[in-house]
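Colleague: Have a look at this prediction, sequence included:
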Amino acid sequence: MKQNKEQFITKILLILYLIILTWLILFKMETHLGMLFSMRYRTINLIPFNGSLITNGKINLSEIILNILVFVPFGVYISMLKDKWSFFQKVLPAFCVSLAYEALQFMFGIGASDITDLLGNTIGGIIGILLFGLLSKVWKDTTIKIVNRLAAIGTFVIVLLMGILIFANM
């Protein structure tokens, strides 16, 4: 019964994470949807580490790092929910979700679709999977419970900050 309760908590946290991720990636943290749909910015880059990442002749590493970091929780959540899956079965959803976000950005003209983002997001998912594996070795049977508590605190802080951002932009 305890495992079912923890899995339920993990699923709720994953849903909240995906809502926040969608607001971040697709809606660009915009508080007024009218501004979002007036952007009509549609490009696609199929050459890794090229195009929009290059500023003044240099690769903008901060965007790559942020893309990696934002998908680490996805890898952790997948590992928590699908512990019996192989490593590659866990990586596939991170890749597919990232691909879906990139495709939606292109279809709706709300951002640049970039292979570098897809790679960075997938690497972030892989790091999350590896991180959960490491934490499982350290915390053993209590890993999911501890990670759920830490994720709940992190989610609360992020939702609070989002609320402040939305309130400040009213």
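Modeller: Yep, that arrived. Computed from a predicted model, the values in this text were never measured in an experiment.

Colleague: ok, which stretches of the protein are helices?
Modeller: 2-25, 33-37, 61-81, 87-108, 115-139, 143-168 (DSSP state H).

Colleague: Any chance of the ones you listed in a markdown table with mean pLDDT as columns?
Modeller: Converted to a markdown table, the helices of the chain look like this (pLDDT from 0 to 100):
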| stretch | mean pLDDT |
| --- | --- |
| helix 2-25 | 91 |
| helix 33-37 | 60 |
| helix 61-81 | 94 |
| helix 87-108 | 95 |
| helix 115-139 | 97 |
| helix 143-168 | 93 |
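
Colleague: got JSON lines for the ones you listed, with distance to Pro48 too?
Modeller: For glycine as for every other residue, the C-beta is placed from the backbone atoms N, C-alpha and C. As requested, those are arranged in JSON lines below (distance: least, CB to CB, whole Å):
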{"stretch": "helix 2-25", "distance to Pro48": "19"}
{"stretch": "helix 33-37", "distance to Pro48": "27"}
{"stretch": "helix 61-81", "distance to Pro48": "10"}
{"stretch": "helix 87-108", "distance to Pro48": "13"}
{"stretch": "helix 115-139", "distance to Pro48": "5"}
{"stretch": "helix 143-168", "distance to Pro48": "29"}
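
Colleague: wait, which of those helices is closest to Thr43?
Modeller: helix 87-108 (8.1 Å; CB to CB).

Colleague: Quick check: which helices or strands does that closest one pack against?
Modeller: If contacts are counted by 3 or more CB pairs under 8 Å, 6 or more residues apart in numbering; DSSP states H and E, helix 87-108 sits against helix 2-25, helix 61-81, strand 110-114, helix 115-139.

Colleague: nearest to Met162, of these?
Modeller: Evaluated with CB to CB, the helices and strands packed on helix 87-108 place helix 2-25 nearest to Met162, the distance being 7.1 Å.

Colleague: now the angle from that closest one to helix 143-168?
Modeller: If you take axes from the mean of the first three to the mean of the last three CA atoms, to 10 degrees, helix 2-25 sits at 30 degrees to helix 143-168.

Colleague: so what's the nearest residue to Val97 once chain neighbours are set aside up against?
Modeller: In this structure, Val97 finds its nearest non-sequential neighbour in Phe74, 6.7 Å apart by CB to CB, 6 or more residues apart in numbering. By CB atoms under 8 Å, 6 or more residues apart in numbering, the contact set of Phe74 is Tyr17, Leu21, Pro93, Ala94, Val97, Gly124, Gly125, Gly128.

Colleague: From Lys140, how far off is the most centrally placed residue in the chain?
Modeller: Central residue of the chain (CA atoms, centre = their mean): Phe71, 3.4 Å from the mean position. Look at Phe71 and Lys140: by CB to CB, to the nearest Å, they are 26 Å apart.

Colleague: Cool, thanks, talk later.
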